[in-house]
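In: Starting from these lines, generate the structure:
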Amino acid sequence: MKKQSKKLLAWEIRDYVRTISWFALHTAIFVLSFVAILYINSGFSFSKIIDHVQNGSNVNNLIYLVIAMCLVSVGIYLYFYNENRDFLFKTKNINMIFLLLEISVAINYGVGKYMVYARPFAICALLSLLLMDKRRAIFMNTVACFLMFMIDAFLSIDVMEGHLLYSSLLIGFSTSILAVYLVHGMSSRLKVFLMGFAISVPIIICTVCLEFSAIVASPVIFIVAGFTSGMLSVVLLMAILPVFEKIFNRVTTYRLSEITDHKAPLLKQLREVAPGTFNHSLVVSTLAESCATAIGEDPLLARACAYYHDIGKIENPEYFTENQSGYNPHGEITPELSVDIIRSHATYGAKLIRKHRLPQILSDVALQHHGTLHIRYFYMQASKFSEEALDLKDFSYKGPRPRTKIAAIIMLADACEAKARSLTDRSHESVDLAVKEIIEERMDFDQFYECDITMKDLDIIRKTLTNSLAGVHHDRVEYPKLKIGGNKYE
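Out: Residues are numbered from 1 along each chain as shown. Okay, the predicted model is just below:
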């Protein structure tokens, strides 16, 4: 199988118009906020603003500021359009980008009114890191630092001293980049909070360099300001992040931890009404985590997708083998109706996930983890009662096929776990053969055509699944009977 390139969403003229319009709207919001900041800096005095603007050089500065803001917006658009066009395609992502900048600038400006060096310089970088990724966090931080510099340079009624003017560029850029690399990969909120002390160190160092003479006279003020900056960055991060997670339905490490808690509403309901499916999902999650780690995907995301891939079995749980205990209701209905019930768990699961406002990728995986595969058992059952050839599509899942590596992993882990449970011979060789057959069958039916998984990835996944399943479903030694004091123990 050839490696599939990642397919981009098709853009039409109206999509360009829509995205550019949203950028223009947020640019206008920034320009209006500049007017508001100028009004605040004047001490809420229109006469001071008029006197300030009457100076020809100040008028030129304001015009330059508006033009610069427009250029910044163009730069942001081009960056995201070329780096991740699909991300920019969604309006909610555009709003998230600018809301991050708007909130970060507002907070830094507000704190800077009291003490410039106490500004939470790293807030934009940290929020961007957890809501997007490391590369975009660095870019967003650069933009935020530049915006603060423009505000300090062009919207101050009373001219700021040089070292204060450049503090946002020097301290903001250097400490925020450090913060990104310190916090990246941390899954504990406590550890992130403690990183506030580490972030404070470079702020204090930069402050000493910029305010050396003043620090000699009163060092405590500047040291406290430096620690305030670092700690305020992580405290605000913890306060604001859940809001962004909910509003924009973003997947973060902390969100994944919350939704994979067994006390989460849907998982609790699954455990109660379909315990067999719940246990199956736990095993699949272990397999998916191992496979994701092996090919460089996010293991926490793979675990969350595995937990929710069969959540649709909450409806009609008794129609699925793992929840049955002797009685099989399929014996009383037609194969066609059985197929409708079986394949509906994918679509119902996706709807249920969306209804509970869980991350979109969970819904996608629930819908895609069976792709367009046929339900062989009921196809064969129906064939016995029909003299004419049946259409295989009537006995197949509706799809779509997996579109991400995570979805492909869940598809394979789900099928291999079920297959391994049915094996009488669970030796390493037997399990490996079963896993290989499942992968080859899905390749024959083009199930991986729409995702960018490679042959190398599939080979690694095969070995990982084999090793994991051979360990989980191994044969146990038969314990001898033991007789103690007239009682038999087995």
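In: how far away is the residue most central in space within the chain from Leu367?
Out: Nearest to the geometric centre of the chain sits Val251, at 2.9 Å (C-alpha atoms, centre = their mean). Distance check for Val251 against Leu367: by C-beta to C-beta, to the nearest Å, it reads 17 Å. Any C-beta I mention is one placed from the backbone N, CA and C, and that applies to glycine too.
In: Over to Asp394?
Out: Distance from Asp394 to Leu367, by C-beta to C-beta: 19 Å.
In: In terms of neighbours, single out the busier of those two.
Out: Leu367 (25 against 14; other C-beta atoms under 10 Å).
In: picking that back up, pretty sure the residue nearest to the centre of the chain sits against Ser363.
Out: No: using C-beta atoms under 8 Å, Val251 is not in contact with Ser363; the gap is 11.7 Å.
In: how far is the one helix or strand Leu130 maps to from where the chain is centred?
Out: Secondary-structure element containing Leu130, defined by DSSP states H and E: helix 123-131. On the basis of C-alpha atoms, centre = their mean, to the nearest Å, helix 123-131 sits 13 Å off its chain's mean C-alpha point.
In: contact partners of it?
Out: With contact meaning C-beta atoms under 8 Å, 6 or more residues apart in numbering, helix 123-131 is reached by 96, 100-101, 103-104, 107-108, 136-141, 144, 176-177, 179-180, 183-184, 232-234, 236-237, 240-241, 244-245, 248, 250, 252-254.
In: quick one: which of these sit in helices?
Out: 96, 100-101, 103-104, 107-108, 136-141, 144, 176-177, 179-180, 183, 232-234, 236-237, 240-241, 244-245, 248, 253-254 (DSSP state H).
In: buried subset of the residues you listed?
Out: Using 16 or more other C-beta atoms under 10 Å as the burial test, those include 96, 100-101, 103-104, 107-108, 136-141, 144, 176-177, 179-180, 183, 232-234, 236-237, 240-241, 244-245, 253-254 as buried.
In: avg pLDDT for stretch 89-106?
Out: For stretch 89-106, mean pLDDT rounds to 96.
In: Buried residues in it, which are they?
Out: Across stretch 89-106, burial judged by 16+ other C-beta under 10 Å covers 89, 93-105.
In: got it, and stretch 195-202?
Out: Neighbour-count burial for stretch 195-202 [16+ other C-beta under 10 Å]: Met195, Gly196, Ile199, Ser200, Pro202.
In: Name the nearest of those relative to Ser430.
Out: Closest approach between the buried residues of stretch 195-202 and Ser430, by C-beta to C-beta: Met195, at 48.5 Å.
In: so who does the closest one touch?
Out: Residues in contact with Met195 (C-beta under 8 Å, 6+ apart) are Ala179, Leu182, Val183, Met186, Val234.
In: what do you get for Thr228?
Out: Met115, Ala118.
In: same check, this time on Leu232
Out: Val111, Ala118, Pro120, Ile123, Gly196.
In: where's it relative to Gly196, distance?
Out: Distance of Leu232 to Gly196, given as C-beta to C-beta: 8 Å.
In: Quickly list what's touching both of the two.
Out: What both Leu232 and Gly196 touch, as defined by C-beta under 8 Å, 6+ apart, is an empty set.
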